[in-house]
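Q: output the structure for:
(chains A and B)
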Amino acid sequence: MLKAQPVVAAPDGQVGLSGCFAADLMSDVLAFAREGSLLITGLATDQAIRTAAIKHLVAVVVIEGKPVHSDLVETAREEGVPVYQTPLSKYEACGLLMQAGLRPYRKGA
Amino acid sequence: MDTRRLAHHEFPILGRAYFLGGRASTSIKQVLREAGVDDAAIRRVAVACYEAEMNVVLHARSGYMALDIYSDRIVVSVLDKGPGIENVDLAMTPGWSSATDEARALGFGAGMGLPNIRDQADQMEIQTAKGEGVRLYLTFKREVNGDGAPATGDGGTSG
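A: A predicted model of the protein is given here:
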């Protein structure tokens, strides 16, 4: 749906999602995202993975086909966080997932 | 109140070492898990530590986080050698930031660090002055079972 390519695939090729959160600011993720959600972000650095791991998010989708640094890949493997890359914009990716029924997943939602 | 200290660990933090930012917090999370601390407390400590660690990475020359696990609480002390905070009230205001473009490129520096830390911790104390670094002390209560002992954990000391 997102034309996403796995950068670091989930061990069994499947990711169980219960919701979605999108942000480029990791402080927003730390403050508002809920455990079990997918993270859609324009941040293609280590910090996106560490933030996802600390908040127990299930996977990270990097938007706009941004190149993913090898450090990110290494951290994602260490932390066991699957990472995908999509050529879509954040707005498009979020819109499609929302249409497909994936619910916003943040504090209070 | 049972106040036994069960473990003490220290984790160094290198200023401006952006690529290492978050490693100390990841280690702390691991140590807490191995010590049998409840998941809810681990999550709160990990989020606060990560924000605090990134503050050191982004603003200071160096620093370290000390983790003390007690039977009823977790205490994290974050001490850095850096420029200090001139106006703590201002720094506690959501959205206020003195971060650089480099910090923003890492997804931080939105002025939510200290407010996020305050929201996670049960107690927070900052000692700082301009040019004298920052000493941040955080206390997190942990869930204990009926007899006042931690739910699990070996009770040993290390670090």
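Q: ok, and the closest non-adjacent residue to B:Tyr50?
A: Nearest residue to B:Tyr50, sequence neighbours excluded (Cβ to Cβ, 6 or more residues apart in numbering or on different chains): B:Ser25, at 4.1 Å. C-beta here means a position set from N, CA and C on the backbone, and glycine is covered the same way.
Q: packing partners for whichever strand or helix holds the one you found?
A: Element membership for B:Ser25 (DSSP states H and E) is helix B:23-34. Applying 3 or more Cβ pairs under 8 Å, 6 or more residues apart in numbering or on different chains; DSSP states H and E, we find helix B:23-34 packed against helix A:46-54, strand B:5-14, helix B:39-59, strand B:62-70.
Q: using PDB, list the CA coordinates for it.
A: Output of helix B:23-34 as PDB, limited to C-alpha atoms (Å, rounded to 0.1, in the frame of the first residue of the first chain):
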ATOM      1  CA  ARG B  23      23.000   4.400  24.000                       C
ATOM      2  CA  ALA B  24      23.200   5.200  27.700                       C
ATOM      3  CA  SER B  25      19.400   5.200  28.000                       C
ATOM      4  CA  THR B  26      19.200   1.900  26.100                       C
ATOM      5  CA  SER B  27      21.700   0.400  28.600                       C
ATOM      6  CA  ILE B  28      19.700   1.800  31.500                       C
ATOM      7  CA  LYS B  29      16.500   0.200  30.100                       C
ATOM      8  CA  GLN B  30      18.300  -3.100  29.800                       C
ATOM      9  CA  VAL B  31      19.700  -2.900  33.400                       C
ATOM     10  CA  LEU B  32      16.200  -2.100  34.800                       C
ATOM     11  CA  ARG B  33      14.700  -5.000  32.900                       C
ATOM     12  CA  GLU B  34      17.300  -7.400  34.200                       C
END
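Q: mean confidence score for stretch A:6-13?
A: For stretch A:6-13, the mean per-residue pLDDT is 84.
Q: name the surrounding residues that touch that stretch.
A: Residues outside stretch A:6-13 that contact it (Cβ atoms under 8 Å, 6 or more residues apart in numbering or on different chains): A:59, A:62, A:68, A:72-73, A:76-77, A:80-85.
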